[in-house]
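Q: for reference, the sequence and a predicted model appear below.
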Amino acid sequence: MAKLTVSMEGAESIIQQLEKLADVKGTVKAGIMEGSENYADVMVYAPVQEFGGKIKVTDKMRGYLAYNYGIYLKKSTTHITIPSRPFMRTTFQKHWKEWVDILAHYLTAGVASETVLDLVGRRMEDDIVDTIMSNMPPPKSEATKLIQSMGESPGNTDRTLYESGQLAHSIHYEVMPE
């Protein structure tokens, strides 16, 4: 039977960092905070942006789109699909290791837990907003651009996830000390 030996240079340092992380007093969260301004409005569409969705096409909707925008949907069109633009999941996948590194660095340096969590929370908030502002694919549909350009929906007709700025401005962080 073969024997496998693994050695890691600097393992002691990593172990110390992990032990420091275990000593964190409190938690931090970032995103759309319940109770914040515009929470109810943003929570109507933010989950749809994150996960995608489908809107059932009704006869009333067909008439509205045709009359107001010259958009004629085929009778065979039963749903309009809103694509997923996962601003939260994408940010987490891209940055979680950086957030852990910040925690470990400052805790190892002896900075108080609440201060470190505040630093990480600010970074999380900034990273989520940066993702929202990044113009995530897929691009907006031509129908959406047309509706926005005709004044129904104020704001940017090209950038995804940023029309009025309401979503980006609703991202905050919160530190809950123990």
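A: Alright, I've got the coordinates. Residues are numbered from 1 along each chain as shown.
Q: how about the strands of this protein, start to end?
A: 27-32, 53-56, 79-82, 171-176 (DSSP state E).
Q: this structure: helices as residue ranges?
A: 11-22, 39-51, 59-69, 87-108, 113-133, 142-149, 166-169 (DSSP state H).
Q: out of the strands of the chain, the one nearest residue 139 is which?
A: Closest to residue 139 of those, according to CB to CB: strand 79-82, at 13.1 Å. All C-beta atoms are positioned from the backbone trio N, CA, C, and that covers glycine.
Q: save the helices of the chain as a markdown table, and put in distance to residue 30 too.
A: What follows is the helices of the chain, written out as a markdown table (distance: least, CB to CB, whole Å):
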| stretch | distance to residue 30 |
| --- | --- |
| helix 11-22 | 18 |
| helix 39-51 | 14 |
| helix 59-69 | 36 |
| helix 87-108 | 9 |
| helix 113-133 | 4 |
| helix 142-149 | 28 |
| helix 166-169 | 13 |
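Q: could those go into CSV alongside mean pLDDT?
A: Converted to CSV, the helices of the chain look like this (pLDDT from 0 to 100):
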stretch, mean pLDDT
helix 11-22, 56
helix 39-51, 91
helix 59-69, 93
helix 87-108, 90
helix 113-133, 94
helix 142-149, 79
helix 166-169, 91
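Q: TSV for those helices, including mean neighbour count?
A: As requested, the helices of the chain are exported to TSV (neighbours: other CB atoms under 10 Å):
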stretch	mean neighbour count
helix 11-22	12
helix 39-51	14
helix 59-69	12
helix 87-108	16
helix 113-133	19
helix 142-149	14
helix 166-169	17
